[in-house]
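Undergrad: here is a sequence together with a model predicted from it:
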Amino acid sequence: MPKQNFDDFLRKELADTQVASEYLNAALEGGSSEEFLIALRNVAQAHGGIGELAELAKLNRQAMYKMLSEAGNPTLGNLLNLLKVIGIRITFTPARNKKAA
């Protein structure tokens, strides 16, 4: 049986949008924007690659590479376009229970 390297395994797992969603949520909970961008790049690579997704999301390929770099700073619109093409959406939940005043 051939050995499967970690990157291949990760891409295969992240091709499932449920797994990809949980992976992105875990990266966000880590609190680092760099961690999230690395995770987002991994998810993008698992869903066709940066070039293909840029085209589908109607984004410039070079801008997509830049936005997914460790120093990237995607706009909300670009992030939403990318996630929509992948098949993931953002939802919000309270950070903690707050008693009504």
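TA: Perfect, I can see it now. Everything quoted here is computed from the prediction, not taken from an experiment.

Undergrad: buried ones in stretch 19-38, by neighbour count?
TA: Of all the residues in stretch 19-38, those buried under the rule 16 or more other C-beta atoms under 10 Å are 20-21, 23-24, 27, 36-38. Heads up, the C-betas are built off the backbone N, CA and C, glycines and all.

Undergrad: what do you get for stretch 37-53?
TA: 37-47, 50, 53.

Undergrad: out of those residues, which is nearest to I86?
TA: Distances from I86 to these, taken as C-beta to C-beta, are shortest for H47 (4.8 Å).

Undergrad: separation between the closest residue in space to the closest one that isn't next to it in sequence and A27?
TA: Taking C-beta to C-beta, 6 or more residues apart in numbering, and ignoring the residues beside it in sequence, H47 has I86 as its nearest neighbour in space, at 4.8 Å. The spacing between I86 and A27, counted by C-beta to C-beta, to the nearest Å, is 14 Å.

Undergrad: go on, A15?
TA: For A15, the distance to A27 - C-beta to C-beta - is 17 Å.

Undergrad: and for T17?
TA: When distances are taken as C-beta to C-beta, T17 and A27 turn out to be 15 Å apart.

Undergrad: F6 too?
TA: Here the distance between F6 and A27 works out to 17 Å (C-beta to C-beta).

Undergrad: could you do R41 as well?
TA: Here R41 is placed at a distance of 10 Å from A27 (C-beta to C-beta).

Undergrad: do L79 as well
TA: Counting by C-beta to C-beta, the gap from L79 to A27 is 13 Å.

Undergrad: now for those two: what residues contact both?
TA: Shared contacts of L79 and A27, defined by C-beta atoms under 8 Å, 6 or more residues apart in numbering, are found at L40.
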